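Colleague: Need coordinates for the following:
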Amino acid sequence: MSIPKQDHQASFFDATFLAQDLFGPRDRYEIFRQKVLPALQDIRENLCLLYCLDNGRRGIEPVVMAGVTLLQFMETVPDRKAAENVRLHLGWKHALNLKINDPGFHPTSLVTFRGRLVDEKDGRLIFDGILQALHAAGLVKRKGKQRLDSTHIIGAVAKMGRLEVARETVRLFLETVKRMDLQGMFSDWAIFHERYIDSDIAWHKISQGQINTKYQQAGCDMLALIKWMSEHRSLAEHDQALLLQRVFLEQYELSAQGIARRKHEGAGVVKNPHDPEVKWSTKDPTHKTG
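Modeller: Purely as a prediction, here's the structure:
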């Protein structure tokens, strides 16, 4: 994985140059750019050590990836929305000092980056110091005496990612049911349609407890759909039906007490329901996407 060279030359296309009057000194994105981004730049060399440097594939700037991960935690944003924000959100572009036309990256690249931080002890230690700067800048708050560390943040962001995968898999399956005109055969269609097609999660308002509840709900709904589609052979053999079963087995386990979240994801799990065959490993940092 080759590390991209940093371009320190200012440009007329920088979000900061084009929108410098939009962000006052107390704006959270301006504070991030002034306080947190320089701290990330200071540890860039250490972040680069988390990459496999003998691989010719071009990597994504680690300072940007670290910054996005922090912004995700600050604003309770899952991977797909975070990647969209890098492309379209002026505040995020300003905070990360990106060009206005920066194309961003694929959401699974964030999974890859978190994997590097988790797999490498040094990665967690490197990140822990930055989190204290984030707290000192007043951008995140501790809950009581809870220590703010990389394990807490990476775990919280990963939970959002797993919920997003589960919900999007259900949504794609329901869209298939609709295209096949089978919705009339599913008694709970209206409930599921409202829950997964008509509605979206207000991520900026959701708590970790609500994320856990919605994740459990998605598992119960997936199991209900799997049982229902077994009665309809034409649907059960569809790619989206097979994907639904695969994601359910990857994310949940059945016990005498019912459905439970798998504590650990295995290698090769689906991280993008729109492209389920993209490979991702939880162990080998030299063979990850992004």
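Colleague: Packing partners of the helix or strand harbouring Phe73?
Modeller: Element membership of Phe73, judged by DSSP states H and E, is helix 62-75. Contacts defined by 3 or more Cβ pairs under 8 Å, 6 or more residues apart in numbering; DSSP states H and E place helix 62-75 against helix 37-42, helix 44-48, helix 79-88, helix 90-96, helix 108-119, helix 121-136, helix 150-179. C-beta: built from backbone N, CA, C; applies to glycine.
Colleague: Now the first one: buried residues?
Modeller: In other words, helix 37-42. Neighbour counts over helix 37-42 (16 or more other Cβ atoms under 10 Å) mark Leu37, Ala39, Leu40, Gln41 as buried.
Colleague: can you state the direction angle for the helix holding Phe73 and helix 79-88?
Modeller: Calculated by axes from the mean of the first three to the mean of the last three Cα atoms, to 10 degrees, helix 62-75 forms an angle of 120 degrees with helix 79-88.
Colleague: now helix 62-75, how far from the centre of its chain.
Modeller: Centroid separation for helix 62-75 versus its chain: 10 Å, with Cα atoms, centre = their mean, to the nearest Å.
Colleague: picking up where we left off before, out of the helices and strands packed on helix 62-75, which is the most enclosed?
Modeller: helix 90-96 (a mean of 24; mean count of other Cβ atoms under 10 Å).
Colleague: pLDDT averaged over stretch 76-96 - what is it?
Modeller: Taken as a whole, stretch 76-96 carries a mean pLDDT of 93.
Colleague: now swap in stretch 172-189 and tell me
Modeller: Mean predicted confidence for stretch 172-189 is 96.
Colleague: got the contact list for it?
Modeller: Residues from elsewhere that reach stretch 172-189 (Cβ atoms under 8 Å, 6 or more residues apart in numbering): 192-193, 196-197, 224-225, 228, 232, 234-235, 238, 240-241, 243-244, 273-274.
Colleague: List buried members of those residues by neighbour count.
Modeller: By neighbour count, with 16+ other Cβ under 10 Å, these hold 192-193, 196, 225, 228, 232, 235, 238, 240-241, 243-244, 273 as buried.
Colleague: Which pair in these has the greatest spatial separation?
Modeller: Farthest pair in the buried ones among the contacts of stretch 172-189 (Cβ to Cβ) is His232 and Pro273. Separation: 20.7 Å.
Colleague: Look up how far Met65 lies from the residue lying closest to Ala158 once chain neighbours are set aside.
Modeller: The shortest distance from Ala158 to any non-neighbouring residue, by Cβ to Cβ, 6 or more residues apart in numbering, is to Arg114 (6.2 Å). With distances taken as Cβ to Cβ, to the nearest Å, Arg114 is found 9 Å from Met65.
Colleague: same question, Gln217
Modeller: According to Cβ to Cβ, Gln217 and Met65 sit 31 Å apart.
Colleague: These two: who's more crowded?
Modeller: Using other Cβ atoms under 10 Å, the more surrounded residue of Gln217 and Met65 is Met65, with 24 against 15.
Colleague: Identify the residues contacting that one.
Modeller: Going by Cβ under 8 Å, 6+ apart, Met65 touches Ser109, Leu110, Phe113.
Colleague: Verify the contact between the first one and Ile60 for me.
Modeller: Read that as Ser109. Yes: the pair Ser109 / Ile60 is scored as a contact, 5.6 Å apart, by Cβ atoms under 8 Å.
Colleague: Where does the prediction get shaky in this protein?
Modeller: Residue ranges of the chain with pLDDT under 70: 1-18, 52-58, 120-127, 129, 133, 140-149, 278-290.
Colleague: how about the helices and strands packed on helix 62-75 in JSON lines, adding distance to Ser187?
Modeller: JSON lines is the format used below for the helices and strands packed on helix 62-75 (distance: least, Cβ to Cβ, whole Å):
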{"stretch": "helix 37-42", "distance to Ser187": "51"}
{"stretch": "helix 44-48", "distance to Ser187": "52"}
{"stretch": "helix 79-88", "distance to Ser187": "30"}
{"stretch": "helix 90-96", "distance to Ser187": "42"}
{"stretch": "helix 108-119", "distance to Ser187": "36"}
{"stretch": "helix 121-136", "distance to Ser187": "48"}
{"stretch": "helix 150-179", "distance to Ser187": "13"}
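Colleague: Compare those and report which one is nearest to Phe23.
Modeller: helix 90-96 (5.6 Å).
Colleague: residues in contact with that closest one?
Modeller: 15-16, 19, 22-23, 27-30, 32-33, 36-37, 64, 67-68, 71, 85-86, 98-100, 102.
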